[in-house]
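**Q** just to be clear, the model below is a prediction. Sequence and coordinates:
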Amino acid sequence: SQQGEEDPQALSIQEGENATMNCSYKTSINNLQWYRQNSGRGLVHLILIRSNEREKHSGRLRVTLDTSKKSSSLLITASRAADTASYFCATDDRGNQFYFGTGTSLTVIP
Amino acid sequence: EPEVTQTPSHQVTQMGQEVILRCVPISNHLYFYWYRQILGQKVEFLVSFYNNEISEKSEIFDDQFSVERPDGSNFTLKIRSTKLEDSAMYFCATALQGDYEQYFGPGTRLTVT
């Protein structure tokens, strides 16, 4: 089945450092989305990248997509303590069914 | 900024009871989704809904589940005869179009006792 899988599962960095998270998936997609979830809260949409795009920026976020490797990365530059959260990638399977990965738990130490 | 809202925020019910979870989508959005997240686990797709009918559903979305948009605004998830394992956070999400960003509501925490 289509499934996004993030790595690492957990990441701990100092404030100001960059954080990179990766996502791999299995089948063809229309788009890939990254979300953030603070503990016990809802999901916040960060960025969507379409299958014909290779890179996208939004503020301190940079997302890349390599469809040949079926992988994506999320880079958060100049991290802040408030970036502490779990980060998920979500992919579609060219239908209307969406799959979330298990997430990367990011801790930014002030 | 428009947002998806969900009610109730927390629902406690006894096993075997029926529950209805409600979602108010962003007004011009056409695609609606329900997801669940069991504590400590990943978010799981349940169902997508467009043009007043189900577009896709996962294996989790069995006969005990149903969705509808009864009044053109609220989008509801009904769980008949709840089971202990239905305890989870249930998230509604909506999108302008099927391959656009999905915006999530804050979730309803369902506890089945």
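**A** That came in fine, so what should we check first? Numbering: from 1, shown residues only, chains lettered A, B, ... in the order given.
**Q** where's the residue most central in space within chain B relative to B:P106, distance?
**A** In chain B, the residue lying closest to the centroid (C-alpha atoms, centre = their mean) is B:W34, at 3.4 Å. B:W34 is 14 Å from B:P106, where distance means C-beta to C-beta, to the nearest Å. C-beta coordinates here come from the backbone N, C-alpha and C atoms, glycine included.
**Q** please apply the same query to A:S71.
**A** 31 Å.
**Q** which residue is the nearest non-sequential neighbour of the residue nearest to the centre of chain B?
**A** B:L46 (4.3 Å; C-beta to C-beta, 6 or more residues apart in numbering or on different chains).
**Q** list the contacts for the residue lying closest to B:P25 once chain neighbours are set aside?
**A** Spatial nearest neighbour of B:P25, excluding adjacent residues (C-beta to C-beta, 6+ apart): B:T94 at 3.9 Å. Residues in contact with B:T94 (C-beta atoms under 8 Å, 6 or more residues apart in numbering or on different chains) are B:V4, B:C23, B:P25, B:I26, B:H29, B:Y31, B:F32, B:Y33, B:F75, B:Q102, B:Y103.
**Q** for the residues you listed, which one is nearest B:D62?
**A** B:Y33 (17.2 Å; C-beta to C-beta).
**Q** isn't the closest one up against B:F45?
**A** Yes: here B:Y33 reaches B:F45: they are 7.2 Å apart, a contact under C-beta atoms under 8 Å.
**Q** find the residues that touch each one of these two.
**A** A:F98.
**Q** show me where chain B has strands.
**A** Assigned by DSSP state E, the strands in chain B fall at B:5-7, B:10-13, B:19-24, B:31-37, B:43-50, B:53-57, B:65-68, B:75-79, B:88-95, B:103-104, B:108-112.
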